[in-house]
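A structural model of the following input is requested.
(chains A, B, C and D)
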There are 2 protein chains.
Amino acid sequence: MAANDAERPLRKDASINRERLLDAARELFAEKGLGVTLNDIAHHAGVGVGTAYRRFANKDEIIDTLFEERLEAVEAVAREALEEDDPWIALTDYLRRTLKMQFGDRGLHQILDDPTLGDERIGDVRRRIAPLIVELVRRAQEAGVVRHDFAPTDVTFIQSAMAPIMNSTRDVAPELYERYLTFILDGIRSDTREFTPLPTPALNSETTHSAMTRKRRAAARRAR
Amino acid sequence: MAANDAERPLRKDASINRERLLDAARELFAEKGLGVTLNDIAHHAGVGVGTAYRRFANKDEIIDTLFEERLEAVEAVAREALEEDDPWIALTDYLRRTLKMQFGDRGLHQILDDPTLGDERIGDVRRRIAPLIVELVRRAQEAGVVRHDFAPTDVTFIQSAMAPIMNSTRDVAPELYERYLTFILDGIRSDTREFTPLPTPALNSETTHSAMTRKRRAAARRAR
DNA sequence: CGGTAAACGGATTAGGCGTATCCGGTTACC
DNA sequence: GGTAACCGGATACGCCTAATCCGTTTACCG
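Numbers count the residues shown, from 1 in each chain, chains lettered A, B, ... in the order given. Predicted coordinates:
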């Protein structure tokens, strides 16, 4: 990783702590999103706050370091999808796989959702991904497997639509979002108009209620 | 409205200001969501903060007062939908109309999305709405116009899925969410499997980018 | 009218939260 | 074994929101 360059190497303890911090950040970003503070990260890494601020000027520096690799993973998924022959499978695999990644990593989710976040390196990767999506859609279009009025930007919005579902059902029915993705895909696919079996049963009303209640908890405190 | 009860009536200026505050709150909640402060509301109403706190103990008191009526409007929509003969139109009208209401009123949106918000009065209305949705779905089910595996709680999650789309495209392409609602409805309807013409064209990539960027602005500052 | 309780405005206090610094003590390493 | 690098975490700072307090103004009853 981009630990030390031409700089004189860090002292042993320092570089160990740097790794610890990075690990902690990776974990916390994934679990709680980019909202965590450098102090959180420091404590989770088992080091003092001072140490954290000595290694990284601020949180953004960690974010940029960490999410370049994550975003590149998304790019890789898009490229792999383009190697798939069946254009429908290619497109939907991309959606399904990236959504799964986003599900496992709240931070990645936020990065993908908000172009404001991240430095130029991140922006670069984002700019590399966009045309891949265009291509995925174009192929599907040409093969006549998606409705003709489906557009590349629809992919983005579909991804963002799954967010609230993921977030509210995360620890009640983790895969529920796939159910709604299926609804959408069935509303888009044009080579067959049959219903795809749903991957996940619906929630009953009590569970739905508790899911809706559970989320927010953190967010609500702010919003109120 | 529930201005004064058995209490001695408010002095004229006081009751005028009370109305002003309520109006301001209605407007600000709709426009900016429940996050606005009592201070915001007071200034927007053209009165001092003190006046606001004299009339209402805290923000929740205003919220409860105001959103009971808004939620009852949602209930009314559900009841009207149940009077519609065509069960498909009934169900989709309910969805479309309530989504439109949520679109016009961020506060209502939050209330509907988060069962934690609001007092018992609000909870009561919510509990009155739930069975109406169940009935809407049951009818559609029985008439065979929705796929057999569609469940009442799906309605809720579909509503919440539209939220991020609404929020990010609000001032760029206000009705874009209807496009995605159409995808979903087309993925759910079983009496015909033809595509419904899309009510809104897709965004181009620049507009999408600027939409994604624009939102957050407020939210991002917190999350970061 | 005129007096008084009611109401007003908004500066101000209180407190939570995240960021970033500072410094006395510790440790790696030549 | 000495010194520069590093450590920890208490602490200062800034920002934001909630809520109060009090000197001034106003409605309204007799």
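
and the next helix or strand past the longest helix seen in chain A?
Using DSSP state H, we find that the single longest helix of chain A is helix A:59-83. Once the chain leaves helix A:59-83, the next helix or strand it forms, by DSSP states H and E, is helix A:87-104.

and that following helix, does that touch chain B?
No: for helix A:87-104, no contact with chain B is found by CB under 8 Å from any CB of the partner chain; the gap never falls below 12.5 Å. The way it works is simple: take the backbone N, C-alpha and C, and place the C-beta from them, glycine included.

what's the longest helix of chain A packed up against?
Counting contacts by 3 or more CB pairs under 8 Å, 6 or more residues apart in numbering or on different chains; DSSP states H and E, helix A:59-83 packs against helix A:12-32, helix A:38-45, helix A:87-104, helix A:106-113, helix A:120-142.

so which of those is the most packed in?
Scoring the helices and strands packed on helix A:59-83 by mean neighbour count under mean count of other CB atoms under 10 Å in any protein chain shown gives helix A:106-113 as the most buried, with a mean of 24.

tell me the angle that helix makes with helix A:120-142.
70 degrees (axes from the mean of the first three to the mean of the last three CA atoms, to 10 degrees).

helices or strands up against helix A:106-113?
helix A:12-32, helix A:59-83, helix A:87-104, helix A:152-169.

do that helix and DNA strand C meet at all?
No: on the criterion CB under 7 Å from any atom of the strand, helix A:106-113 is out of touch with DNA strand C, staying 13.8 Å away.

next, the angle helix A:152-169 makes with that helix.
150 degrees.

hmm, who's touching helix A:106-113?
A:29-34, A:63, A:66-67, A:70-71, A:74, A:98, A:101-103, A:117-118, A:122, A:159-160, A:163, A:166-167, B:164, B:212, B:223 (CB atoms under 8 Å, 6 or more residues apart in numbering or on different chains).

equivalent analysis for stretch A:200-214, please.
With contact meaning CB under 8 Å, 6+ apart, stretch A:200-214 is reached by A:168-169, A:171-173, A:175-176, A:178-179, B:113-116, B:130, B:134, B:149-154, B:156-157.

same deal with stretch A:70-86?
Contacts of stretch A:70-86 (CB under 8 Å, 6+ apart): A:90-91, A:93-94, A:97-98, A:101, A:105, A:107-108, A:111-112, A:118, A:122, A:125-126, A:128-129, A:132-133, A:135-136.

report the buried residues of it.
A:70, A:71, A:72, A:73, A:74, A:77, A:78, A:81, A:82, A:84 (16 or more other CB atoms under 10 Å in any protein chain shown).

where does the residue of chain A found nearest DNA strand C land on pLDDT?
The minimum distance from chain A to DNA strand C, using CB to the nearest atom of the strand, falls at residue A:37 (2.8 Å). Looking at residue A:37, its pLDDT stands at 95.

enumerate the residues of chain A near DNA strand C.
Counting by CB under 7 Å from any atom of the strand, chain A comes close to DNA strand C at A:11, A:12, A:13, A:37, A:38, A:39, A:49, A:50, A:53, A:54, A:58, A:59.

skip the chain neighbours and tell me the closest residue to the fifth one.
On the basis of CB to CB, 6 or more residues apart in numbering or on different chains, the spatially nearest residue to residue A:38 that is not a chain neighbour turns out to be residue A:52, at 4.9 Å.

is it true that the one you found touches residue A:40?
No: in this structure residue A:52 lies outside contact range of residue A:40 using CB atoms under 8 Å: 9.5 Å.

domain ranges for chain A?
Here the domain parsing of chain A from automatic domain parsing is A:1-57, A:69-223.

if we can go back for a sec, shouldn't the residue of chain A closest to DNA strand C be in contact with residue A:59?
Yes: in this structure, residue A:37 is within contact of residue A:59 by CB under 8 Å, at 7.3 Å.

who has more neighbours, these two?
residue A:59 (19 against 13; other CB atoms under 10 Å in any protein chain shown).

nearest spatial neighbour of the more buried one, skipping sequence neighbours?
Nearest non-adjacent residue to residue A:59 (CB to CB, 6+ apart): residue A:38, at 5.4 Å.

from chain B, how far out is that neighbour?
11 Å (CB to the nearest CB, to the nearest Å).

state the helix or strand in which the closest residue to DNA strand D within chain A lies.
As assessed by CB to the nearest atom of the strand, DNA strand D sits closest to residue A:50 within chain A, at 1.8 Å. Assigned by DSSP H and E, residue A:50 falls within helix A:49-55.

can you list contacts of that helix?
With contact meaning CB under 8 Å, 6+ apart, helix A:49-55 is reached by A:14, A:17, A:18, A:21, A:38, A:39, A:41, A:42, A:43, A:45.

before we move on, back to that, which two in the residues of chain A next to DNA strand C are spaced the farthest apart?
Maximum pairwise distance among the residues of chain A next to DNA strand C (CB to CB): 27.1 Å, between A:12 and A:37.
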